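> 3D, please:
(one chain, ligands or ions: 2)
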Amino acid sequence: MAMPTRDEAMALLREWNSNDSLIKHALAVEATMRAMARTRGEDPEFWGIVGLVHDLDYERFPEKHPHEGARILRERGWPEEVVHAVLSHAWGLVSDVEPVHAMEKVLYAIDELTGLVTAAVLVRPSKSLADLSVSSLKKKWKDKGFAAGANRDVIAKGGELLGVSLDDLMTEVIAGMREAATALGLDGSLCKGGCGGEAGA
Ligand SMILES: [Fe+2]
Ligand SMILES: [Fe+2]
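Numbers count the residues shown, from 1 in each chain. Ligands and ions are numbered 1, 2, ... in the order given. Modelled structure (predicted):
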C-alpha cells in the first residue's frame, strides 16, 4: 500500500480516539514534524502523517502502547517505515526499536516536548503560543514538578540523538506548534472575553 493521505490518517486517528486532548496532542506533534521536515529538506506530508498516528492506540490500549498501534497499522497495510517510526518513539521505555532515521529521531525528541509546551501555554495569562518564549519554557523545564509527565530525560536524549541543543529544539517546537495554534486551542481563544493579560483583568 502506498502512503495513506492525511485525510486517511485523520480518519484512522478518529476511529480509535475520542479524547480531545489526545487528538490535540497528535495535531501538535504533526505540526511540529511538518515544520521540522521543511527546515531539513524532508517530506512534510510524510513526517506529519507519522506524527498524527504515533499514539493511535494510546486511548484504547495504554498498557500495550505503541505495540497495538503497530499491529493496527500493519493490519491496515500501512508502510513498514511508519510502523518502525511508531515503535521507535517509545524506545527505551516500552520498546527496544531504536530511532534510526532523522524523522524517527525528531519524533522521539519532540513528542514529550509538545506536552511541556502545551502545559506552559495553558498557565500563561494569554493562553497563547504567540508570546511563549524559549526562556520562559526553560523555566518550566527546570521546574521538575511542572507537567511532571513530560519526560525531560527522553527530551534531552532526543536532542542528543539529533545533535540539536535544548534551546534550538524548544525554538523549533514552539515555531512548529504555532502553525497549528488555532486547531490546538492555543491561540488565545480560550481567553475570549475573559483572561488577564495586559489589562490585568
Ligand atoms: Fe506515545
Ligand atoms: Fe505522543
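> For the rest of this, base every contact and every neighbour count on C-alpha atoms.
Will do.
> what's stretch 32-43 in contact with?
Residues from elsewhere that reach stretch 32-43 (CA atoms under 8 Å, 6 or more residues apart in numbering): 44-45, 47-48, 51, 103, 106-107, 110, 172-173, 175-177.
> what distance separates that stretch from the centre of its chain?
Centroid separation between stretch 32-43 and its chain, computed with CA atoms, centre = their mean, to the nearest Å, is 13 Å.
> Which positions within that stretch qualify as buried?
32-37 (16 or more other CA atoms under 10 Å).
> closest to A70 among those?
Nearest to A70 among those: M33, at 19.2 Å, using CA to CA.
> Kindly format the C-alpha coordinates of the helix or strand that contains that closest one as CSV.
In this assignment (DSSP states H and E), M33 forms part of helix 20-39. Provided in CSV are the C-alpha atoms of helix 20-39 (Å, rounded to 0.1, in the frame of the first residue of the first chain):
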residue,chain,number,x,y,z
ASP,A,20,-9.9,15.7,22.7
SER,A,21,-6.5,16.2,24.4
LEU,A,22,-5.1,13.1,22.7
ILE,A,23,-6.3,14.3,19.3
LYS,A,24,-4.8,17.7,20.0
HIS,A,25,-1.5,16.0,21.0
ALA,A,26,-1.5,14.2,17.7
LEU,A,27,-2.1,17.6,15.9
ALA,A,28,0.7,19.3,17.9
VAL,A,29,3.2,16.5,17.0
GLU,A,30,2.0,16.6,13.4
ALA,A,31,2.5,20.4,13.1
THR,A,32,6.0,20.2,14.7
MET,A,33,7.0,17.3,12.5
ARG,A,34,5.9,19.2,9.4
ALA,A,35,7.8,22.3,10.3
MET,A,36,11.0,20.3,11.2
ALA,A,37,10.8,18.3,7.9
ARG,A,38,10.6,21.5,6.0
THR,A,39,13.7,23.0,7.7
